[in-house]
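S.K.: Got a sequence here, can you model it:
(one chain, ligands or ions: 1)
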Amino acid sequence: MCGIVGYIGNRDSKEVLIEGLKKLEYRGYDSAGIAVFTDNGLEIRKSKGRLAMLEDKLKNEPIAGSVGIGHTRWATHGKPSDVNSHPHTDNSSKFSVVHNGIVENYLDLKEELSAKGHIFVSETDTEVISHLIADEYHGDIVTAVQRAVKRMRGAYALGVLTEYEPTKLVAVRFASPLVIGIGENENFIGSDIPAILEYTRNVYILNDGEMAVLTRSGVELMTTNGDIISKEIFHVDWDLVTAEKAGFEHFMLKEIHEQPKAYRDTMMGRISEDGKSVVLKEIGMSNEQLRGISRIHIVACGTAFHAGLVGKTVIESLARIPVETDVASEYRYRSPIITPDTLVIVVSQSGETADTLAALREAKRNGARVLAITNVVGSSVAREADDVITTWAGPEIAVASTKAYTSQLIAFYLLGLYLAQERGMAQAQQVEEIVAAMHKLPEQVESILEQAELFKTVAEAMSKHDNLFFIGRGLDFAVAQEGSLKLKEISYIHSEAYAAGELKHGTLALIEDGIPVIALVTQEDLYEKTLSNIKEVKARGAHVLGIANAGYEGEVLKSVDEVFSIPRTLPLLTPALSVVPLQILSYHASLARGNDVDKPRNLAKSVTVE
Ligand code: M6R
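M.R.: Here you go, the predicted model:
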């Protein structure tokens, strides 16, 4: 889970690499480095810490040349340190490699190469790749890379340079994303499109087992077996400004504010003009196949998994199909019962999460049809699934997911309605009622955002605590889990989400004087039961913030210390509103603690390792 970038052309490659790495820092930021062909040969500068540290180093130790590769790291094998940073090289320093992924058999390869006299200086798996390529080199870098990757097991996106062939940059992909940017007398590689978008909008998206040989004047595409291939150019029609902060202090805040647009864009073109039916042209299943689905598995990680928890309730209540939810890292190890009439829904913002991708492959291997809900067109998940619902949230840069989560909820509402409609479970009138309420959601989110400042004081008070609870019942419990994750990951406050009725079976023992409890009370059929649970924590000294539907705040206030009201919608749609105050609370709590909101410690945006 690192970012790689590469350039071959006539510009100062250092500038292109650093700018590209800035766009990729969300993929990892514990060290960074670049390798450039200079008049003195292949030179490397690398540094532990944020990219800014590398930039400082480059001021003191400048480097100039028009061909180079760069890397921003999220440590897997070996601690963050200068020596473990990429690019890595072989003993002759004639080969240089940047890598995203994990070489699973690196210890065996290391042992074998050591026996041949190779000396290793780092703890990384990547260093083995540079030695392996050097070992396989007999005058042709392309063949050497092909021979090397055949011996590697695991995941890799690689950028490779050798001093012996300074007019070539070789890129290869297996199970880690890689795109090739096509310019005029210059070409690029990047872990994802924003890294190179400043320079070109025309890209090739490499598939597993494919490689590219870049020169200044062209790009040759082939498989790792050496078969020449051709590919369609993917033209990127979104711009870089979309991926920048647009005046907000942090990406997370910007992305929270982009939710109304993300809701509208995700719904756009998917609801008939009369508002009576949902149109999901992207689903290629026939009516017979849709009617034949006997069970659904929703599989995802982190926030996307929490969207899946809401998705379960939505699909079960609208389409009456039994749904199981699994975190992707567990799914394939529990031997799930997958039959040909099982629909597996994978949810992933990035479409590159290794565990989710592995779950997708497991489902396909077992004969299931896989539907993906993802935010990234052309991502691995999107390409490998049978059907794809794209969430049009736009690029999400902050590590903490916000607009991707809520647009995943919109996708689930659309899907739930579509399944119900196609299986004859929903009347046009019911669809119309839900669709009408969905159309109001963007404005309702805007009205919550207008009151965002109200949360500052509450968040500041919260930020002084080390432990906190979120409680709720039904869909409120699903949202509580997302609220709790959001708070943990950016404020570093320990929090737990509990089904409100479950507290008394043990966890209530942790409630003591002054402990903050955030209680979601939006599910009106469960309202009185949740209020009773709130009273249980109040009686033990908790300080309770209630999130309630407009019209109920007065009543809820009788049982809590503070209340925040959200606009009223249908119970099934409430998560799309009730999560917004929780996102804002987490944001302010993180700020109050002086944390790096967009890049929390130990995390990376896209987790492409298992
Ligand atoms: O890209 P994905 O949706 O597959 O990512 C899954 C999780 O890693 C992600 O949602 C993570 O939990 C976020 N940092 C939460 O804000």
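
S.K.: near the ligand at all, stretch 311-323?
M.R.: No: shown here: stretch 311-323 not in contact with the ligand (CB under 6 Å from any ligand atom), separated by at least 13.3 Å. Placement of C-beta: from N, CA and C, glycine included.

S.K.: Run through who's touching that stretch.
M.R.: With CB atoms under 8 Å, 6 or more residues apart in numbering as the contact definition, stretch 311-323 has outside contacts at 293-298, 324-325, 345, 347, 408-409, 412-413, 415-417, 419-420, 423, 425-426, 474-475, 478, 572.

S.K.: Helices - which of the residues you listed land there?
M.R.: 408-409, 412-413, 415-417, 419-420, 475, 478 (DSSP state H).

S.K.: restrict those residues to contacts with the ligand.
M.R.: Restricting the ones in helices among the contacts of stretch 311-323 to those touching the ligand (CB under 6 Å from any ligand atom) yields no residues.

S.K.: which among these gets closest to the ligand?
M.R.: Of all the ones in helices among the contacts of stretch 311-323, the ligand sits closest to residue 408, with 8.1 Å by CB to the nearest ligand atom.

S.K.: What separation do you get for the closest one and residue 389?
M.R.: For residue 408, the distance to residue 389 equals 9 Å [CB to CB, to the nearest Å].

S.K.: quick one: which of the two has more around it?
M.R.: Between residue 408 and residue 389, residue 408 has the larger neighbour count (other CB atoms under 10 Å), namely 29 against 24.

S.K.: need the contact list for the nearest residue to the more buried one once chain neighbours are set aside.
M.R.: Nearest residue to residue 408 in three dimensions, chain neighbours excluded: residue 307, at 3.7 Å (CB to CB, 6 or more residues apart in numbering). Shown in contact with residue 307 (CB under 8 Å, 6+ apart): 300, 347, 373, 405, 408-409, 412, 482.

S.K.: out of those, who's nearest residue 253?
M.R.: Nearest to residue 253 out of these is residue 405 (CB to CB; 15.3 Å).

S.K.: Which residues outside the worst-scoring helix or strand of the chain on mean pLDDT are in contact with it?
M.R.: The helix or strand with the lowest mean pLDDT-type score in the chain, counting by mean pLDDT, DSSP states H and E, is helix 553-557 (a mean of 88). Helix 553-557 is touched from outside by 521, 531, 546, 548, 563-565, with contacts defined as CB under 8 Å, 6+ apart.

S.K.: Show me how to select, in ChimeraX, the buried members of the residues you listed.
M.R.: Of the contacts of helix 553-557, the buried ones go into a single ChimeraX selection, burial set by 16 or more other CB atoms under 10 Å:
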select :521,531,546,548,563,564,565
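
S.K.: Keep the contacts of helix 553-557, but drop any that are not near the ligand.
M.R.: Of the contacts of helix 553-557, not one also sits near the ligand (CB under 6 Å from any ligand atom).

S.K.: quick one: which of the contacts of helix 553-557 sit in strands?
M.R.: Judged by DSSP state E, those include 521, 546, 548, 563-565 as members of strands.

S.K.: which one among those gets closest to residue 602?
M.R.: Once CB to CB is applied, the member of the ones in strands among the contacts of helix 553-557 that ends up nearest residue 602 is residue 564, at 30.3 Å.

S.K.: show me the contacts for that closest one.
M.R.: Residue 564 touches 451, 454-455, 545-548, 553, 581, counting by CB under 8 Å, 6+ apart.

S.K.: cutoff 6 Å now
M.R.: Going by CB atoms under 6 Å, 6 or more residues apart in numbering, residue 564 touches 547, 581.

S.K.: In terms of pLDDT, where does it sit?
M.R.: For residue 564, the pLDDT comes out at 95.

S.K.: mind checking how far it is from the ligand?
M.R.: To the ligand, residue 564 is 21 Å away according to CB to the nearest ligand atom, to the nearest Å.

S.K.: so that residue bridges to which residues?
M.R.: Taking DSSP bridges as the rule, residue 564 bridges to residue 547.

S.K.: shared neighbours, residue 408 and residue 389?
M.R.: Counting by CB under 6 Å, 6+ apart, the residues touching both residue 408 and residue 389 are residue 373.

S.K.: just to revisit the earlier point, would CSV of the ones in helices among the contacts of stretch 311-323 with pLDDT and distance to residue 156 be doable?
M.R.: Formatted as CSV, those follow (pLDDT from 0 to 100; distance: CB to CB, whole Å):
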residue, pLDDT, distance to residue 156
408, 98, 29
409, 98, 34
412, 98, 34
413, 98, 38
415, 98, 34
416, 98, 38
417, 97, 41
419, 97, 38
420, 97, 43
475, 98, 41
478, 98, 36
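
S.K.: List the contacts of the lengthiest helix in the chain.
M.R.: In the chain, assigned by DSSP H, the helix with the most residues is helix 428-450. Helix 428-450 is contacted by residues 257, 259-260, 263-264, 271, 275-277, 417, 421, 567, 569-570, 573, 576-577, 580 when judged by CB under 6 Å, 6+ apart.

S.K.: And these, which of them are buried?
M.R.: Buried subset of the contacts of helix 428-450 (neighbour count, 16+ other CB under 10 Å): 257, 259-260, 263-264, 271, 275, 277, 417, 421, 567, 569, 573, 576-577, 580.

S.K.: Sort out for me which of these are in helices.
M.R.: Among those, DSSP H puts 257, 259-260, 263-264, 417, 421, 576-577, 580 in helices.

S.K.: quick check, nearest of those to residue 591?
M.R.: Taking CB to CB as the measure, residue 591 lies nearest residue 257 of these, at 15.4 Å.

S.K.: where does that closest one land on pLDDT?
M.R.: For residue 257, the predicted pLDDT is 96.

S.K.: Then residue 241?
M.R.: Per-residue pLDDT puts residue 241 at 67.

S.K.: Give me the number of neighbouring residues for the residue in the stretch 401-550 of the chain that the ligand sits nearest to.
M.R.: Nearest residue of the stretch 401-550 of the chain to the ligand, counting by CB to the nearest ligand atom: residue 401, 3.7 Å away. Using other CB under 10 Å, residue 401 has 27 other residues around it.

S.K.: before we move on, the earlier item: and the least confident helix or strand of the chain, C-alpha only, in CSV?
M.R.: Output of helix 553-557 as CSV, limited to C-alpha atoms (Å, rounded to 0.1, in the frame of the first residue of the first chain):
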residue,chain,number,x,y,z
GLU,A,553,-35.7,16.7,20.0
GLY,A,554,-37.9,18.1,22.9
GLU,A,555,-38.9,14.7,24.0
VAL,A,556,-35.4,13.2,23.7
LEU,A,557,-33.9,16.1,25.6
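
S.K.: Renumber starting at 36 from here on
M.R.: Renumbered: residue one is now 36, and that last one reads helix 588-592.
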